[in-house]
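Trainee: Here's my sequence, what's the structure:
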Amino acid sequence: MPNDINTAPAGEKALHAIEQLVLFALHQELIQPADVDYSRNELLDQFGFSEPYALEFSETPLESPQGPLDILIDYGFEIGLIPENTDTYRDLLDAKIMGLLMARPSEVNAQFYSLSAEKGIEAATDRFYKLSIDSNYIRMDRISKNVFWLQESPYGDIEMTINLSKPEKNPKEIAMARLLPPPVYPKCLLCRENVGYAGRLNHPPRQNLRVIPLKLNNENWFLQYSPYVYYNEHCIVFHHDHVPMKLTKESLKRLLSFVEAFPHYFIGSNADLPIVGGSILTHDHFQGGRHTFPIQKAPKEQTFTHASYPGVSLSIVKWPMSVLRLHGVDPAVLLECGNDLYEAWKSYSDPEAEVLAFSEVDGVETPHNTVTPIVRRAEDGGFELDLVLRNNRTSGEFPEGIFHPHREMHHIKKENIGLIEVMGLAILPGRLKEELDAIAGVLAGDLPLLAAVKSEADHALAQHASWIQELAERFGTGHNHEEAVKIVQNEVGIKFTHILEHAGVYKRTPEGQAAFRRFVQSFGAL
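Mentor: Got it, this is the predicted structure:
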């Protein structure tokens, strides 16, 4: 490789980048040796070249494809393959390039099940997860920029993240996307038709997406990894068809079936009602992965049994939200107990605890009670089913939801508390990275900023104004920057713990826990 490749003409750099990418794909087994010439020629054609790189080339493989990808995308913009050099358009070309350096879906599926049969399901998921990273479907370069810290709380350590991995569109792209007709294909981001889809301004590219077909209760489902991996091996299990989410006994049975086949993974579902549910309620799906969440470490406070479900224990868990943990060796008995408990909760009311199962408007009953279920294998080889009780009622005082982040918390987070956050992993909006850094600056002596926030109603930090003033009064403004950052992060973590308490149906008070026990006892548990 010539020493001056960095100063070579753009076309020569692009040809060199093609060689690097083909070598990377071969080394990472995205392609096989027989695919090398074919893959190179596909990329040459994509970028308008008729011959490959002709100079001496170092065959030291790269650890990541991102460097040569960026060079090729820059060149693609230069020759008009993308109209603008923005993250959205760059991602469209990125996925197209990597899609040319991957096996077909049928080959990926065959490899997964061959490896599972030969070496076990863990080896198969290890390989599939690596494939999703190496193909740049999972953007580790972006995920590595996420902010993470552990937050001490009365319930154990809570995991805090500020998510920077999901690219944000610029205002021009948002305006252009609004002019596009509503998407009809694929119907949503979870449909199987996304595999290989080129994407567009209002739909991400998926040429480098691969999914694994599964059978859950003799139904067709698929497994893929989330491109944003909020935790280790964050996977999505989604229905073959575009059918809406609905939590039923069959849902619980599917969760138990999954952990029988994938004992090293947990799996859970968002609740199926607005406000307390997930962001995509139009396509039935679950989320799982290989991660021990804080909720799993939370201790049991009181344990019950029920005569109708031999071998099953039912425990109230010490957690800011209202969690019932079922444990049993026989998944069939656990399923019956879990489903009966869920059905009992759906119709349960306790006005003294502000729990109402239904509201009636014009003779039509609207249900309010549901659960967030989570299933995992226990250390003894049995099964654990956590049922997190949810209620989506609103009121004049809490129009966004009684059991939802209250308005004084919205400057930190106002979105739904879904499955991942229920389990103790905060996913805070990316805007907080710069905002919290600036607030730490106030505690480190940026008094002009403090004055500006106080006096300017349209200041970028205006939504934090009262909180900033409170922090400055409590902690002072004489800290070094590192100390200030730790103070701000700690205060955000405390707020998030309170957010989880807001979402808890039964509060962590003697009265709230007494009401919790009333429900358990009404179910017949002793």
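Trainee: from what I can see Leu335 touches Leu252, true?
Mentor: Yes - shown here, Leu335 and Leu252 form a contact pair, counting by CB atoms under 8 Å, at 5.8 Å. The way it works is simple: take the backbone N, C-alpha and C, and place the C-beta from them, glycine included.
Trainee: Now do the helices in the stretch 1-150 of the chain.
Mentor: In the stretch 1-150 of the chain, the helices defined using DSSP state H, counting those that start in this stretch lie at 10-27, 36-46, 66-78, 87-99, 105-119, 121-134, 140-143.
Trainee: want to throw the ones you listed into CSV with mean pLDDT and mean neighbour count?
Mentor: As requested, those are arranged in CSV below (pLDDT from 0 to 100; neighbours: other CB atoms under 10 Å):
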stretch, mean pLDDT, mean neighbour count
helix 10-27, 96, 21
helix 36-46, 97, 16
helix 66-78, 97, 19
helix 87-99, 96, 21
helix 105-119, 98, 14
helix 121-134, 98, 19
helix 140-143, 91, 16
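Trainee: In a markdown table, list the ones you listed along with distance to His285.
Mentor: Output for those, formatted as a markdown table (distance: least, CB to CB, whole Å):
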| stretch | distance to His285 |
| --- | --- |
| helix 10-27 | 30 |
| helix 36-46 | 32 |
| helix 66-78 | 29 |
| helix 87-99 | 21 |
| helix 105-119 | 19 |
| helix 121-134 | 17 |
| helix 140-143 | 21 |
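Trainee: wait, which of the ones you listed is closest to Val259?
Mentor: helix 121-134 (11.1 Å; CB to CB).
Trainee: Identify all contacting residues around that closest one.
Mentor: The contact list for helix 121-134 (CB atoms under 8 Å, 6 or more residues apart in numbering) reads 24-25, 28, 30, 65, 102, 108, 111-113, 115-116, 138, 140, 210, 212, 224-225, 233, 261-265, 290.
Trainee: let's see 7 Å
Mentor: Contact with helix 121-134 is made by 28, 30, 108, 112, 115-116, 138, 140, 210, 212, 225, 233, 261-262, 264, as judged by CB atoms under 7 Å, 6 or more residues apart in numbering.
Trainee: Equivalent analysis for stretch 265-280, please.
Mentor: Counting by CB under 7 Å, 6+ apart, 188-190, 235, 237, 245-247, 251, 255, 258-259, 281, 286-290, 370-376, 390, 392, 401, 403-404, 416, 418-419 sit against stretch 265-280.
Trainee: mind running it again at 6 Å?
Mentor: By CB atoms under 6 Å, 6 or more residues apart in numbering, the list of residues contacting stretch 265-280 from outside reads 245-247, 255, 258, 286, 288, 290, 370, 372-376, 390, 392, 401, 404, 418-419.
Trainee: cool, and stretch 396-416?
Mentor: 275, 391, 393-395, 428, 463-464, 495, 499, 502-503, 505.
Trainee: among the contacts of stretch 265-280, which are in helices?
Mentor: Mapping the contacts of stretch 265-280 onto helices (DSSP state H) picks out 255, 258, 419.
Trainee: If you rank those residues by neighbours, which is first?
Mentor: Within these, neighbour counts (other CB atoms under 10 Å) peak at Leu255, which reaches 27 neighbours.
Trainee: Would you state the predicted confidence (pLDDT) at that one?
Mentor: As predicted, Leu255 sits at a pLDDT of 98.
Trainee: Secondary structure class of the nearest residue to Lys249 once chain neighbours are set aside, three-state.
Mentor: Closest residue to Lys249 apart from its sequence neighbours, by CB to CB, 6 or more residues apart in numbering: Asn339 at 4.2 Å. Using DSSP: H, G, I helix; E, B strand; the rest coil, the structure places Asn339 in helix.
Trainee: again, but for the one 3 residues further on
Mentor: Classification of Tyr342 into helix, strand or coil gives helix, according to three-state DSSP.
Trainee: How much space separates it from Gln224?
Mentor: The gap separating Tyr342 from Gln224 is 27 Å, by CB to CB, to the nearest Å.
Trainee: same thing with Asp45?
Mentor: 28 Å.
Trainee: Tell me where the longest helix sits in this protein.
Mentor: helix 481-503.
Trainee: Could I get the CA-only coordinates of that one as CSV?
Mentor: The C-alpha trace of helix 481-503 is given here as CSV (Å, rounded to 0.1, in the frame of the first residue of the first chain):
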residue,chain,number,x,y,z
HIS,A,481,-16.1,19.8,36.2
GLU,A,482,-15.7,16.2,37.1
GLU,A,483,-17.3,16.6,40.5
ALA,A,484,-20.2,18.7,38.9
VAL,A,485,-20.9,15.9,36.3
LYS,A,486,-21.1,13.3,39.0
ILE,A,487,-23.5,15.5,41.0
VAL,A,488,-25.8,16.1,38.0
GLN,A,489,-25.7,12.4,37.1
ASN,A,490,-26.6,11.4,40.6
GLU,A,491,-29.5,13.8,40.7
VAL,A,492,-30.8,12.5,37.3
GLY,A,493,-30.5,8.9,38.7
ILE,A,494,-32.5,9.9,41.8
LYS,A,495,-35.2,11.4,39.5
PHE,A,496,-35.4,8.3,37.4
THR,A,497,-35.9,6.2,40.5
HIS,A,498,-38.8,8.5,41.4
ILE,A,499,-40.1,8.1,37.8
LEU,A,500,-40.2,4.3,38.3
GLU,A,501,-42.0,4.9,41.6
HIS,A,502,-44.6,7.1,39.8
ALA,A,503,-45.2,4.2,37.4
